[in-house]
Each structure stands twice: as C-alpha cells, then as structure tokens.
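Peer 1: sequence plus the predicted model coming up.
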Amino acid sequence: MINLEIANTFERIANLLEIKGELVYKVLAYRRAAESIRVLTTEISSMSSKEIMNIPGVGKAIAKKINELLTTGRLEFLQKLEREVPSSLIELLQIQDVGPKKVALFWKHANITSLAELEIAALAGHLRNLPGMGEKSEARILAGIQVLKQHKQRLPIHKALKIAEIWMEKIRKIQHLERAEIAGSLRRWKTTIGDLDFVGSTRSPDQVMQFFSSQDGIKRILSQGENKTSVECEEGLNIQLWLQPPERFGSLWQFVTGSKEHNVRLREYAQRHNLSLSERGFIDQNLKETLCFNEQDVYETLGLQYIPPELREDRGEVQSAISHNLPQLISIEDIQSDLHVHTDWSDGKSTLEEMTQEAIKRGLRILAIADHSIGSPDIDNGMDEKRLQEQRRLIKQLQIHIGHSLLILQGVEVEILLDGSLALPNDVLSKLDLVIASMHDHHDQPRSVNTERLIKAISNPLVDIIAHPGGREVPRTEGAELEWEPIFHAAHKHQVALEINSNPFHLDMDEIRSHQAVNTGCLLSINTDAHVSYRMDNLKFGIGIARRGWVSSQKVINTWSKAKLLDWLKNRKK
DNA sequence: GCCGTTTTCGGCCCGACTGTTTTCAGTCG
C-alpha cells in the first residue's frame, strides 16, 4: 500500500467520524496525520516502526492502524465505521455551506444518505422544516448542489492567474482602497486553485465593499460584511475580498495567504509565547495590541525567520523558521538557461531564430534546442540523424550571427521506447551537446515495468536530463505509476538531472517529488518545454513548484554559469 | 487522537458572516 492510499484512508476516517459526531479534535488528528503522510518523501512501507512514530501527527493509535493497513491491506476500525455511517454521506460535505452537523441532521432527521436524495428533498421543500433550517438555508443548499453538479473543479494555476490579474486590476481602481494584493493559494503558487483571495487596506470599508460587490462579472453575492465579502464570478470561481485598516494590513495579508494549517501552527506557537494572533494582529494577556503594517512584522514579532508564501503548508516550515534554518529558495532571477524548448523542426510553432530572440529578450545565457526524435508518438517530423546534422549547421550559423550573449546548444528530446532503450542510437546522440530523454506513451504499464524502463534510460551515459519523468498531463492523466526512490537513486548515481517541467499542463515532477529528489542528492533542471516563443513565460510556474519543494538554486543546473554547465556536460560524458 | 521551553493530562487558532434564533450554532478560511 502506498502513502497516498494510506493518507486517503485516514481522510475517509476523519470524514466519517466527523459526520458521526466524534470529538472534533479526534477528527483533526486523523486529518493532520493524513496530510503528513500524503506529503511524506519516503514510502511508509520502507520505514521502521520508530520512523513511523516520528511522522508528525502520528502517535500510538494511528501507527497501529498504519501497521494493520500495511500487513493486511485492510482496517477493521474503518470497516466497522462504514457499517455505522453510510459512506455516500461524504460527498455531501463538498456542498458549500454544508458541514458535518448539517449532514448528520439530514441523515438522522430525514433519512437522506446521498446527493440525489438531498436535492429531491430540497426541491420538495422538505429541508426547511428541519431543526435550525429555514427557507433561506434550503435555497443556499440547493444553489450549492447546482455548483457541485456543474462539476466545478479546481482551476489549473495559469488559468486562475489570468482571471486574478483581471480582478486585481478592477480592485485596484476602487476608490478609498490604499493597497491591494493577491493572497490565498495563488500567492503560494499551488498547482490548482479553488478560489481567489484578495486583501486590501482602507479606512472606508463599507464604501469599498459596496464598489466591489457591484462590479461587472459577478454572478451572485455569497456574503457581504465590512471585513470580508465573498462573491461568485461569472467564470464560476469564488472571489473573496478581505479588508483591514492600513496598520493591520500585514497581519491580514499573512492570514489570508494561509495555508490554514500553517496559520494554525503559527497561532499555536504564538500562544505558547502568550500572544494571540489573528488577521487583526497580536494581542497579549493584558489586552495590549501589537499591530503589523507589513507581513514581515508578523514573523518578526514571533522571533521567526520570514517564511516565504510557497513554504506555508505546515510541512515543517515553522519549526525551521524557529531555528532560523529555512532554505534559501531558488528565484526566477537565478535562472540562466532554458534547456528544453522546441522549434518548427518538430512540433513547435516558432522558428530557431524566434526562439533564440525570445531567449535573448529574457536575458538567458544558454538555450538548448531539443526537438522530438523519431519514434515519438503523434510527431510526424521527428528528428533523425540527417535532420539533426542539418539543424546543427544552421544553429552554428545562427550562433555566429547573434554573437556571444547567448550560447545555443543543440539537444534532442529522444523518446524512451517501451523496453527502456532510446529511439536514436548512441553514435547519433554522442554528437549532440545535450540529450533529454522522456516517455510519452504506454504509461499504463505496471509500476515496476515503468520504473525499470525509466532507470534503463537514466543509466545510458549519454542521457543528461530526464524530462517530465512521471508524464502527467493535467487534468487528463496522472501519468505513469513509478517507484520513485529507486529512480532518485539511479539519477543520483548516474548524475542525471530530473526535470521540473514548467508547462502548466505538466508541472512534472511535482513539489513533493522535487523535494524528495533533492533530499536524495539529485540535480534538477527547470525548463519551459516551450513549443512557441512566448510560452517561455511559463518558467514562473516551474519556479513555483521548485520553491514549494524547498529547492535552493545550487541544486538546479539552470542556475549555473556557462562554464559550470559546459564543464558538467563534458565531464559526465566520460 | 496527539503532544509538551509551565505539561504524561488537559488542552487543542481565531474571527467573520449567515440564518435562525432571542443569544447562538454552523460553516468557512
């Protein structure tokens, strides 16, 4: 059983216990354990019992359950729970404004156990007579069911960012608003975004909220107050605007940026120092306030190192900030090269010249052209020996033409075949400056087969980078199932860099794998995989993943100088 | 159910908003 399955099991237990009406702290304990396990960088099945007990949020009782899951694949506790509480109730928790108490109410007072039954009851007006319910609540629930039925998924980050930028512009034009910023999971660069959060400072909150909720593009107002207003926009996304006066802006921005789990951890730490922390600032036991104009003031008041938004997920960042031990995260300014772009020589839309000009415009020092090889699925004009030679000649000419500011390398994205061999022979690959290997099909093989296939490619001494190792395509497929640890060890041993692909449809490896890879000693490469010149702008998404994965610049070969990178390429061929 | 710079027991983050209520429970982030 893999970590994800174990984490999902505990999440399921938490949901069922919550509906059953179990003590909230017990529910919370299962949720915390589930989340720690989900982001663990080692497979639990390979851990000792002592190591398992060291997982944050895992104590005696949960460790015992993990052990039962690992040895039998089942859990008696969960099976008993499922006999008591219908599991079809869990999906009701996804409805807006429906929590565990309401679910239990519908179940116990109206014998409702599914989404369909709830909708029928709401349409028939049967919910309004339940204790604590009324017509308005019934209508809200019906609206919530409609939203859920529209299959509303979290948006990929690049789409959310586009919508957010439009709204940010609208919001900044509102009068009496002194400052406005993006917060929430978008500021933390999460791969998918559920809703948009904005924060602002003002002394006239009523007027600002009035302006905000009367903007074009709003479908309905979910709630409106002077501190917080929540609307659903026409794109189907919920948008929140939070306001505080300027002297409280820092604590507000910190709070709304989240994550919730990070904030809980931070507030617990504040409490141990006899301070109560909220979006309004700090308050001590004598009710004396400490206000935070800037976000940094929040962490400084607690004596902590400043924690960048991307790390605020309660994955040990507070502990590291206490000991002033946070990593120096990579930033977009550190990047000197893009080592994986395509041109119209294969399936790209831009020419060699256009890609080169774009790289110069972006201040890059090195650009590697890596068109698809023959043998790649859905590519009609994959590169073979002859066309690679031809392209090489043109690259040389282009290099002379543009001078020394940018070094153009000739690479290839060679297809990893089903048996792990490469689609081009070694004597062709050895003439190139850089070799990227990747697999684009047959992801549905068993985990061990996929793993072996990838490791065979990694072991080829001519391979420098493995691109998008898992092959996920958001949201179409999660890609190949892999045993990551042996892959990391092989990549480390053969000094092959693993890619963080910045294309928002890939973002592969993800942040957890990236963290794990670096911990195993692997080198990473962050590339755009741009198929048209302006897509080099996607780099920011790859950087977001790396920063969320605690990656510092030394581990990323794209931050290296020309000399260092060329040295590495030369030496590893030996 | 977890956990400890007052602790192996008694806590466990905090405020905003809504709706159904006459003072609060539920939900959310």
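Peer 2: Thanks, I have the structure now. Residues are numbered from 1 along each chain as shown, chains lettered A, B, ... in the order given.

Peer 1: per-residue pLDDT of A:His443, please?
Peer 2: Looking at A:His443, its pLDDT stands at 87.

Peer 1: under the pLDDT cut-off, which ranges of chain A? List them.
Peer 2: Within chain A, the stretches with pLDDT under 70 are A:475, A:573-574.

Peer 1: how does it divide up, domain by domain?
Peer 2: Domains of chain A are assigned by automatic domain parsing as A:3-151, A:156-322, A:332-573.

Peer 1: in the stretch 401-550 of chain A, which spans are strands?
Peer 2: Ranges of strands in the stretch 401-550 of chain A, per DSSP state E, counting those that start in this stretch, are A:407-415, A:434-438, A:465-466, A:497-501, A:524-527.

Peer 1: can I get the domains of chain A in JSON lines with mean neighbour count?
Peer 2: Backbone N, C-alpha and C define where each C-beta goes, glycine included. Converted to JSON lines, the domains of chain A look like this (neighbours: other CB atoms under 10 Å):
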{"stretch": "domain A:3-151", "mean neighbour count": "16"}
{"stretch": "domain A:156-322", "mean neighbour count": "18"}
{"stretch": "domain A:332-573", "mean neighbour count": "19"}
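
Peer 1: for the stretch 401-550 of chain A, what spans make up the helices?
Peer 2: In the stretch 401-550 of chain A, the helices defined using DSSP state H, counting those that start in this stretch lie at A:426-429, A:447-459, A:484-493, A:511-519, A:539-548.

Peer 1: with distance to DNA strand B as added columns, please give these in JSON lines.
Peer 2: Output for those, formatted as JSON lines (distance: least, CB to the nearest atom of the strand, whole Å):
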{"stretch": "helix A:426-429", "distance to DNA strand B": "49"}
{"stretch": "helix A:447-459", "distance to DNA strand B": "29"}
{"stretch": "helix A:484-493", "distance to DNA strand B": "24"}
{"stretch": "helix A:511-519", "distance to DNA strand B": "20"}
{"stretch": "helix A:539-548", "distance to DNA strand B": "18"}
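
Peer 1: to A:Gly184, which of the ones you listed lies closest?
Peer 2: Across these, A:Gly184 has its closest neighbour in helix A:539-548 (13.9 Å, CB to CB).

Peer 1: what packs against that closest one?
Peer 2: Under the contact definition 3 or more CB pairs under 8 Å, 6 or more residues apart in numbering; DSSP states H and E, helix A:539-548 sits against helix A:157-172, strand A:497-501, helix A:511-519, strand A:524-527.

Peer 1: and that helix, C-alpha only, in PDB?
Peer 2: C-alpha atoms of helix A:539-548 as PDB (Å, rounded to 0.1, in the frame of the first residue of the first chain):
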ATOM      1  CA  LEU A 539       9.000  29.400 -16.300                       C
ATOM      2  CA  LYS A 540       7.400  31.100 -13.300                       C
ATOM      3  CA  PHE A 541       5.200  28.000 -12.800                       C
ATOM      4  CA  GLY A 542       8.200  25.700 -12.700                       C
ATOM      5  CA  ILE A 543       9.900  28.000 -10.200                       C
ATOM      6  CA  GLY A 544       6.700  27.900  -8.100                       C
ATOM      7  CA  ILE A 545       6.900  24.100  -7.900                       C
ATOM      8  CA  ALA A 546      10.600  24.200  -7.000                       C
ATOM      9  CA  ARG A 547      10.100  26.800  -4.300                       C
ATOM     10  CA  ARG A 548       7.200  24.800  -2.900                       C
END
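
Peer 1: how about residues contacting that helix?
Peer 2: The contact list for helix A:539-548 (CB atoms under 8 Å, 6 or more residues apart in numbering) reads A:157-158, A:188-191, A:308, A:310-311, A:313, A:329-332, A:335, A:338, A:500-504, A:507, A:509-511, A:514, A:524, A:526-528, A:556.

Peer 1: and the angle for it with strand A:497-501?
Peer 2: Taking axes from the mean of the first three to the mean of the last three CA atoms, to 10 degrees, helix A:539-548 and strand A:497-501 form an angle of 120 degrees between their directions.

Peer 1: tell me the helix or strand right after helix A:539-548.
Peer 2: The helix or strand immediately downstream of helix A:539-548 is helix A:562-573, counting by DSSP states H and E.

Peer 1: so which residues of the stretch 251-400 of chain A form helices?
Peer 2: Using DSSP H, counting those that start in this stretch, the helices of the stretch 251-400 of chain A run over residues A:260-272, A:295-301, A:317-322, A:352-361, A:385-402.

Peer 1: show me what the longest one is packed against.
Peer 2: What that stands for is helix A:385-402. Helix A:385-402 packs on helix A:352-361, strand A:366-372, strand A:407-415, going by 3+ CB pairs under 8 Å, 6+ apart.

Peer 1: of those, which is nearest DNA strand B?
Peer 2: Each of these has some distance to DNA strand B by CB to the nearest atom of the strand; the shortest is helix A:352-361, at 37.1 Å.

Peer 1: one step back: as JSON lines, the strands of the stretch 401-550 of chain A with distance to DNA strand B would be great.
Peer 2: Converted to JSON lines, those look like this (distance: least, CB to the nearest atom of the strand, whole Å):
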{"stretch": "strand A:407-415", "distance to DNA strand B": "40"}
{"stretch": "strand A:434-438", "distance to DNA strand B": "37"}
{"stretch": "strand A:465-466", "distance to DNA strand B": "36"}
{"stretch": "strand A:497-501", "distance to DNA strand B": "27"}
{"stretch": "strand A:524-527", "distance to DNA strand B": "29"}
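
Peer 1: so which of the helices of the stretch 401-550 of chain A is nearest A:Asn15?
Peer 2: Of all these, helix A:511-519 sits nearest to A:Asn15, with 22.6 Å by CB to CB.

Peer 1: packing partners of the closest one?
Peer 2: helix A:484-493, strand A:524-527, helix A:539-548.
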